[in-house]
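**Q** Provided below for reference: sequence and predicted model.
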Amino acid sequence: MRTIRIGSGAGYSGDRIEPAIELAEKGGIDYLVFECLGERTIALAQQARMKDPRGGYDPLLAARMRAVLPICHAKKIRIVTNMGAANPVAAAEATRDIARALGLKGFRIAAVTGDDVLAAAKEADVTLEDGGTINALGNRVVSANAYIGAKPIADALAGGADIVITGRAADPALFLGPFVHEFGWAMDDWNALGRGTLAGHLLECAGQVTGGYFADPGIKDMPDLARLGFPIGEVSEDGELVVTKVEGSGGCVTPATVKEQLLYEIHDPTKYFQPDVIADFSEVRVEEIGRDRVRVTGGRGAAKTGLLKTSVGYVDSFVGEGQISYAGPGAVARGKLALDIVRERLALTGVAMSESRFDLIGVNALHGDERARRAEPYEVRVRVVGRTDSLAEATRIGNEVETLYTNGPAGGGGAWKSAREIVAVASALVLESAAQAKLTVLEA
Amino acid sequence: MKLRALAHSRTGDKGNISNISVIAYRDEDYPFLCEHVTAARVKEHFREIVTGDVTRYELPAISALNFVLKGTLGGGVTRSLALDAHGKGLSSALLDLDLRERADAG
């Protein structure tokens, strides 16, 4: 039975680059996938594109492409990535220019567009998951991008693309596209699509399946995380998967690392909604078949819904924040006094906040007061954060923390402040017909 | 005994919903986890944090439970004021859950 080897070269936009180089050089892979597009990143990228029509794609695209293109060219490794973000065509042009500058000839680069469904979402006035509709947000709406599926990626590969650059595609679809192309899976072979989605889901966060985000010293140790190897999926024509990594790289692939990633960001395991299929992970089995080799079987699928999840980006609010640290005997009491002072100052000076938090980092910032009744920490960090309607108002929050230097409790140090606009994302559903995929092919 | 002795865990986030896996180190502990780590106990454990329903899904093929906690991430990851907006640390908080000693402990 035919098998392909697919490497996962990034689990988020800022991820390490050397593990991708290692995969290309030593992984014996046919495909290298870079998943770099977070839920909010697409909305921020749309804002960047509005300011610069040539921008709006991943800021690390050039660095990643320069690092791997020469190796992928020599070894005939095809690349699939969502680094196109809000501007896949500009990302493809930038990639072509890098290839030319490196003297690499014969690359075919395909940009996949069609995920921008803002006009259709407004036309239909789609409902947002937490209530309200897109048009109720008025001119605060920044973007609406649908999660598109594997078909246009498979089509681009069938057309001979060596590099496929998408915008908002479903993360597992970046992997499913190559499987559909290589194995000729029908787009209504739900079990095959479900198994391919399972493989994509396990691989898409890169190091999170090879031992990253796993270590708990003394309980579950993990070797050599500074040189963590990224995963390779060996996928066969029937959708069976073996997860492995480059020999000698850091981390491990074990049933435990695979199980943790299997359930990452999953709700009902019988219904993992994707643009191409409803994948069912509920009867998946994992089995160690060798050192850093785990076989995954039992994925299934059911007919897709015909609806696409869509991320609606909108300007939500402004957030101001300030922090300052206290240490030594009485640190917690001085931190609490600092919080009380800032709370009173914000009221006295009339800073209008719709929501706020007064945290002591090291005591209660993460999980509340109930878990805080433990031994006194040596140091604490005061954190005050509030939501406002303007940047000017948000700025006043951090200022009231900073002035604790000369007006607050003894020994406050390391003050820091910020004020920022918040572009939030709400989810909606659109009919799949709203997203008409289009390929733009460039030659290097 | 803490849950941490029997299971490992990872948190994921989508919008204002957090999911927390609980994966038995040993398959033989899975029935004990099913019995004692209920949706109601998890909701109680996170009563300061979770504002919505807690649902439990069972995955016997991998000896794991998956908890889905609604209304957990300060209104949603992209607008939350929380230091850990993704709720990444909730898995560690869940492993701090107290369990009664098992008769067959050891």
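**A** Cool, the structure landed.

**Q** Quick check on the residue in the stretch 51-200 of chain A positioned nearest to chain B: phi, psi?
**A** Per C-beta to the nearest C-beta, A:Glu129 is where the stretch 51-200 of chain A lies closest to chain B, at 6.3 Å. Just so you know, the C-beta spots here come from the backbone N, C-alpha and C atoms, and that holds for glycine as well. Main-chain torsions, A:Glu129, degrees, to the nearest 10: phi -60, psi -40.

**Q** pretty sure it is touching A:Ser427, no?
**A** Yes. Using C-beta atoms under 8 Å, A:Glu129 makes contact with A:Ser427 at a distance of 4.6 Å.

**Q** Overlap of the contact sets of the two?
**A** B:Gly15 (C-beta atoms under 8 Å, 6 or more residues apart in numbering or on different chains).

**Q** re earlier: could you check the distance from the residue of the stretch 51-200 of chain A closest to chain B over to B:Gly15?
**A** 6 Å (C-beta to C-beta, to the nearest Å).

**Q** What is the longest strand of chain B by residue count?
**A** strand B:17-24 (DSSP state E).

**Q** Now do the following helix or strand past it: which elements does it pack against?
**A** Next in sequence after strand B:17-24, counting helices and strands by DSSP states H and E, comes helix B:30-36. Other helices and strands packing on helix B:30-36, by 3 or more C-beta pairs under 8 Å, 6 or more residues apart in numbering or on different chains; DSSP states H and E, are strand B:17-24, strand B:64-69.

**Q** quick one: buried residues of helix B:30-36?
**A** B:Tyr30, B:Phe32, B:Leu33, B:Cys34 (16 or more other C-beta atoms under 10 Å in any protein chain shown).

**Q** Show the average pLDDT along that helix.
**A** In this model, helix B:30-36 has a mean pLDDT of 97.

**Q** Now the element after it, going C-ward?
**A** Downstream of helix B:30-36 (by DSSP H and E), the next one is helix B:39-45.

**Q** near chain A at all, that next one?
**A** No. Helix B:39-45 does not reach chain A (C-beta under 8 Å from any C-beta of the partner chain); its nearest approach is 9.6 Å.

**Q** Could you name the helices and strands sitting against that helix?
**A** strand B:54-59, strand B:64-69, helix B:90-95.

**Q** Quick one: closest of those to A:Gly251.
**A** helix B:90-95 (18.7 Å; C-beta to C-beta).

**Q** for the nearest residue to A:Phe273 once chain neighbours are set aside, helix, strand, or coil?
**A** Counting by C-beta to C-beta, 6 or more residues apart in numbering or on different chains, A:Phe273 lies nearest to A:Thr305, which is 6.6 Å off, once chain neighbours are set aside. Assigned state for A:Thr305: coil (three-state reduction, DSSP: H, G, I helix; E, B strand; the rest coil).

**Q** A:Thr305 and A:Tyr272 touch, don't they?
**A** No. Taking contacts as C-beta under 8 Å, A:Thr305 lies outside contact range of A:Tyr272: 11.8 Å.

**Q** Give the residues shared as contacts by these two.
**A** Listed as contacting both A:Thr305 and A:Tyr272 by C-beta under 8 Å, 6+ apart are A:Ile278.

**Q** More neighbours: which of these two?
**A** Using other C-beta atoms under 10 Å in any protein chain shown, the more surrounded residue of A:Thr305 and A:Tyr272 is A:Tyr272, with 22 against 15.

**Q** mind checking how far the more buried one is from B:Ser63?
**A** Taking C-beta to C-beta, one finds A:Tyr272 at 20 Å from B:Ser63.

**Q** Could you do A:Val351 as well?
**A** Relative to B:Ser63, and taking C-beta to C-beta, A:Val351 is found at 51 Å.
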